Structure formats: structure tokens, C-alpha cells
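K.L.:
structural data only, the sequence is not supplied:
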């Protein structure tokens, strides 16, 4: 049997994650049977579970992968930018799949305490990235300074959750640009009044 | 057979709705089997479906009932007050059940176009109540007037959706009071500056 390189293993892992993400988004966690995961990935269950211990681990890996990408964008450009990107790509199949898996995460957080505990560790890094970026922005003087960072962070997180739910329900996305402007404005330092 | 009065029919209908709401919230739409609905209501399937044509109609009736109560509060006190009420009662089993059914609605909107069409008619009255109240508030001079009512309404709806998702995921509710203050402030006319 030929040796498989680490690069090949990683690439295969990414292929499985991508196909599994679409499958979970389409059928939900329960509906994404091992049979359907085989069809979606084009691999046998043996091959899939060589890379991921079980279906639960596969689902968590998909969700973690999404969360890691988001942490990166938040650290660089902030949560409002994540929302703007989401709005722009709302119609793409990738985004639809991603939104579906977000709702699936929220359903499992509600119904599965073991999952909720595993997930809590992962979501901590996103919360941290949001607060660190806000702290840097306050330092730079662009953030309002009459409201604690923690409140501003929770406000942005609430707006983000709202956008996820809005888009996941396939409501129209086109008219939310001005709403994101309003959200951004609410956390920023007011522009100095022009002299009369 | 004794005649059953309209009041008795209405009362029975309300009992079924209330038990069914808890059942849908706990098991989701798919998981709330007819068997489980019988257990939850303490009634036979014949008795349940005497009042509601089928499971889908029962689910829609639950969701409509929730929406009607919300329209009333929005018309009277606005969407921010709905959010404050939700926050206050977040720990109660009724709210947990209600949140569950909201998420279930959102899942079905995404996966079931026929349901989405039926639902669209119902959600229109909530959107209308929100905008009417904002228009009255603008007339009364308490609303900011540099942003269209439509944008303010969508902003509040996004925040509301975010709160629903936040609470439905059983995240801590206690610290969101200041966030709701920030949301309210973002749609209000700024207080006049005090003279220096």
C-alpha cells in the first residue's frame, strides 16, 4: 500500500468537511445519516470515520472550521465586517450551507448539554477576538467611550445572531445595508459637530 | 350526547394549543409525533384532530397564537418592550417552550416553501404593528428623524431575532439589559445637549 502524505490526509480531511457541511446544512444533524454522508462525500463510512471518530466529531469539526475562519475575520476587520460579508454572499450556496449549520449548532446547544460543553470552549475564542478588536478600536479613539466594551461586544453579538437567523430564514437580505450602518454607528464615537 | 358550548370548544382548543406548544418546543416539529402529542395533551388523536385538521395546522395555530400575542404587545409598547419582557421571563418553562417553537418556525421557513408561504401572511401583521408604532413615536418626537422608519424597524427586528437566537441557545440572559438600553437609544432622538 502506498504511503499517504500528511498533505494528502489534510486535503482529504478538508474534502470530507466541505461535503459534510453541505449535508448537515441540507438535512440537519439527525437527517444527515451515515448513508447520506457517504453519498455527499463519495466515500465509504470506513474512510470517513478514519478521519473523524464519529458523526458527532465530524459535525463539531465542521462547526469549528467555520468558527476558526470567523475568528480570523473578526480579529482583522471586526464583527460588523463579518456581517457585511455575510450579507454580500447571502445568496451563494456556500453561505446557505453555512447558515444552515449555524442553526443546527444552535439547535444542538439547546437540546444536547454534552455538545454545549464541548462547544463552549470553541466559542470562547470568538468572544475574545471581538473584545480584543473593540479594545484596540477604543484605544484608537474610534469607539464611543460612554459604554463598557462588554456591552458593545454583546450588542454586536446580538446583531450578528439576528442576522444569522434572518438570513437562515431566507428573508430578503438586500435591504439590510443601512441597518448595518446603524449598528456600526451605535458603537462608534459620534462625529464631531461641524462649527455653525 | 350533551351539547358542547362554543366556550367549551374554545377552552379545549386553548388547552391543546398550550400542550402542543410544549411538545413542539421539546421535540421539534418532526419529533413531536402524534403519539407524543396525545401524551402531552392527554387526548386521543381523534379529539386533537377534531380541532385541528392535521399536525401541520396544529403547529401553525401554535405559531399564530404566539404571533398574535406579540402583535398586541408591539402595538401597545413596542418591540423593545417585547425584548425586555422576554429577557425577564427567559428562565420560565413557558418562555423556553416559546423560544423553541420560534426556532422551529425558523427551521421550517428554511426547509418548507409551502409553510413559508402560509407563514408570510401571518408575519405581515407583526411587521405592520412595528412600523405603525414607530410612526406614532416619530410623530410624538421621541424618534430620531435622520433615518427612515423602515431602517429603524429592520434594525429592531434584527435585534429581536438576535435575542431569540441568543436565548434559545440557552446563553446567559442576565447581562443583556444594558444592550437593550443601547438598542433603544439607537432609535431615539438624542437628548438635547445641556448648555455649557
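P.N.:
Perfect, I can see it now. Predicted, not measured: the structure shown is a model, and the values here were computed from it.

K.L.:
in terms of helices and strands, where is the residue lying closest to residue A:29 once chain neighbours are set aside?
P.N.:
Once flanking residues are discounted, residue A:29 sits nearest to residue A:104: 5.3 Å by C-beta to C-beta, 6 or more residues apart in numbering or on different chains. Where you see a C-beta, it was placed from the backbone N, CA and C, and this is true even at glycine. Residue A:104 belongs to helix A:93-111 when assigned by DSSP states H and E.

K.L.:
which helices and strands sit right next to that helix?
P.N.:
Secondary-structure packing of helix A:93-111 (3 or more C-beta pairs under 8 Å, 6 or more residues apart in numbering or on different chains; DSSP states H and E): helix A:6-31, helix A:55-77, helix A:113-139, helix A:149-168, helix B:93-111, helix B:149-168.

K.L.:
right, is the second one up against chain B?
P.N.:
Yep, that's helix A:55-77 we're talking about. No: Helix A:55-77 is not in contact with chain B by C-beta under 8 Å from any C-beta of the partner chain; minimum separation 12.8 Å.

K.L.:
please verify my assumption that the residue nearest to residue A:29 contacts residue A:27.
P.N.:
No: using C-beta atoms under 8 Å, residue A:104 is not in contact with residue A:27; the gap is 9.5 Å.

K.L.:
tell me which residue in chain A sits closest to chain B.
P.N.:
Per C-beta to the nearest C-beta, residue A:162 is where chain A lies closest to chain B, at 3.1 Å.

K.L.:
run the chain-centre distance for the helix-or-strand element of chain A with minimal mean pLDDT.
P.N.:
When each helix and strand of chain A is scored by mean pLDDT, DSSP states H and E, helix A:93-111 comes last, with a mean of 74. Offset of helix A:93-111 from its chain centre (C-alpha atoms, centre = their mean, to the nearest Å): 9 Å.

K.L.:
low pLDDT regions in chain A?
P.N.:
Chain A contains residues with pLDDT under 70 at A:1-3, A:97, A:170, A:173-174, A:191-196.

K.L.:
near chain B, which residues of it?
P.N.:
By C-beta under 8 Å from any C-beta, the residues of chain A that approach chain B are A:28, A:30, A:100, A:103, A:106-107, A:109-110, A:116, A:147-148, A:150-152, A:154-155, A:157-166, A:168-170, A:175-176, A:178-179, A:182-183, A:185-186.

K.L.:
tell me, how many residues neighbour the residue nearest to residue A:29?
P.N.:
23 (other C-beta atoms under 10 Å in any protein chain shown).

K.L.:
residues in contact with it?
P.N.:
A:24-25, A:28-29, A:59 (C-beta atoms under 8 Å, 6 or more residues apart in numbering or on different chains).

K.L.:
could you rerun that using 7 Å?
P.N.:
Applying C-beta atoms under 7 Å, 6 or more residues apart in numbering or on different chains to residue A:104 gives the contacts A:24, A:28-29.

K.L.:
which of the residues you listed are buried?
P.N.:
A:24, A:28-29 (16 or more other C-beta atoms under 10 Å in any protein chain shown).

K.L.:
for residue A:44, see how far away the closest residue to residue A:55 other than its chain neighbours is.
P.N.:
Take residue A:55 and drop its neighbours on the chain: the residue closest to it by C-beta to C-beta, 6+ apart is residue A:34, 6.6 Å away. Residue A:34 is 10 Å from residue A:44, where distance means C-beta to C-beta, to the nearest Å.

K.L.:
more neighbours: which of those two?
P.N.:
Remark: of residue A:34 and residue A:44, residue A:34 carries more neighbours, 14 against 11, as counted by other C-beta under 10 Å.

K.L.:
what sits up against stretch A:129-144?
P.N.:
A:71, A:74-75, A:78-79, A:145, A:149, A:152-153, A:156-157, A:187-189.

K.L.:
quick check: buried residues in it?
P.N.:
A:129-131, A:133-134, A:137-138, A:143.

K.L.:
if we can go back for a sec, wait, the residue nearest to residue A:55 sits on residue A:47?
P.N.:
No: assessed by C-beta atoms under 7 Å, residue A:34 is found out of contact with residue A:47, at 11.8 Å.

K.L.:
SS state for residue A:145?
P.N.:
The three-state label given to residue A:145 by DSSP: H, G, I helix; E, B strand; the rest coil is coil.

K.L.:
give me the nearest residue to it, chain neighbours excluded.
P.N.:
residue A:138 (6.4 Å).

K.L.:
could the contacts of stretch A:129-144 go into JSON lines alongside distance to residue A:16 and neighbour count?
P.N.:
Formatted as JSON lines, the contacts of stretch A:129-144 follow (distance: C-beta to C-beta, whole Å; neighbours: other C-beta atoms under 10 Å in any protein chain shown):
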{"residue": "A:71", "distance to residue A:16": "22", "neighbour count": "19"}
{"residue": "A:74", "distance to residue A:16": "26", "neighbour count": "24"}
{"residue": "A:75", "distance to residue A:16": "27", "neighbour count": "16"}
{"residue": "A:78", "distance to residue A:16": "31", "neighbour count": "20"}
{"residue": "A:79", "distance to residue A:16": "29", "neighbour count": "25"}
{"residue": "A:145", "distance to residue A:16": "47", "neighbour count": "9"}
{"residue": "A:149", "distance to residue A:16": "39", "neighbour count": "18"}
{"residue": "A:152", "distance to residue A:16": "38", "neighbour count": "24"}
{"residue": "A:153", "distance to residue A:16": "34", "neighbour count": "21"}
{"residue": "A:156", "distance to residue A:16": "33", "neighbour count": "26"}
{"residue": "A:157", "distance to residue A:16": "30", "neighbour count": "19"}
{"residue": "A:187", "distance to residue A:16": "39", "neighbour count": "25"}
{"residue": "A:188", "distance to residue A:16": "42", "neighbour count": "14"}
{"residue": "A:189", "distance to residue A:16": "46", "neighbour count": "13"}
